[in-house]
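**Q** Next input, structure requested:
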Amino acid sequence: MRSPQATLRNGETPSPRPRIHAHSPHHFQSTVSVQKLRRFNVLVLVLRVAAFCFSSASSIFMFVNPRGSDSPRWYDFDAFRFVLAANAIVAVYSLFEMAASIWEISGGVTLLPEILQVWFDFGHDQVFAYLLLSAESAGTELARTMKATDTCTGNNAFCVQTVIAIALGFAGFLFLGLSSLLSGFRVVCFIINGSRFHL
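**A** From the prediction side, this is the model:
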């Protein structure tokens, strides 16, 4: 270790504070927080991808339902049109949120300004989750009514594919609901700590 005199001779000014080493406890805690934030963001991305896959599959299944000469059409029923529209909307929204999550993971910043991104995610997750739940509930009730009548006797393929589309929509709602919980957690953290995520 050099003496203060040797330091002064070399033209350096001695610092009154000790140097902080790179591996200080504060640095370690910051690194752990960054890693946990990254895992949190990856979990959000996984839920967004799942919501996109199930909602888009539901809308596709409903859209390409069998169209025999004597088969009913999905667009003849308000509830099934609602199921298709709600799942298509959620699929487009989930695609946007997937892009926003990838942007955040790769760049470490939100696509929109942080306060807008937090409230945008939470608000839209809530609205579209309720929209999807409402659509699937209406579709389920109509499917049960059709099964109780003679409609599904001669058009079983139509009814089966309709049920599959509704089930896929419910799965999309499940993953969107989980995403809504995480976006709600971010809102609470932002209100309390001024940050989307705080450990």
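
**Q** Tell me where the model's unsure across the chain.
**A** 1-33, 67-70, 154, 194-199 (pLDDT under 70).

**Q** So which residue is dead centre in it?
**A** residue 48 (3.3 Å; C-alpha atoms, centre = their mean).

**Q** Sketch out the helices for the chain, chain order is fine.
**A** Here the chain has its helices, by DSSP state H, at 4-9, 25-63, 78-107, 114-148, 151-154, 156-193.

**Q** For the nearest residue to residue 66 once chain neighbours are set aside, grab the count of nearby residues.
**A** Of all residues not flanking residue 66 in the chain, residue 157 sits nearest, at 4.7 Å (C-beta to C-beta, 6 or more residues apart in numbering). For every residue, glycine as well, the C-beta is placed using N, CA and C. A count of nearby residues for residue 157, using other C-beta atoms under 10 Å, gives 12.

**Q** Compute the distance between residue 157 and residue 79, please.
**A** As defined by C-beta to C-beta, to the nearest Å, residue 157 lies at a distance of 19 Å from residue 79.

**Q** Same question for residue 92.
**A** On the measure of C-beta to C-beta, residue 92 and residue 79 end up 21 Å apart.

**Q** count of residues packed around the residue lying closest to residue 45 once chain neighbours are set aside?
**A** Excluding its sequence neighbours, the residue lying closest to residue 45 (C-beta to C-beta, 6+ apart) is residue 101, at 4.0 Å. A total of 23 residues lie near residue 101 under the criterion other C-beta under 10 Å.

**Q** That concludes my questions; thank you for your assistance.
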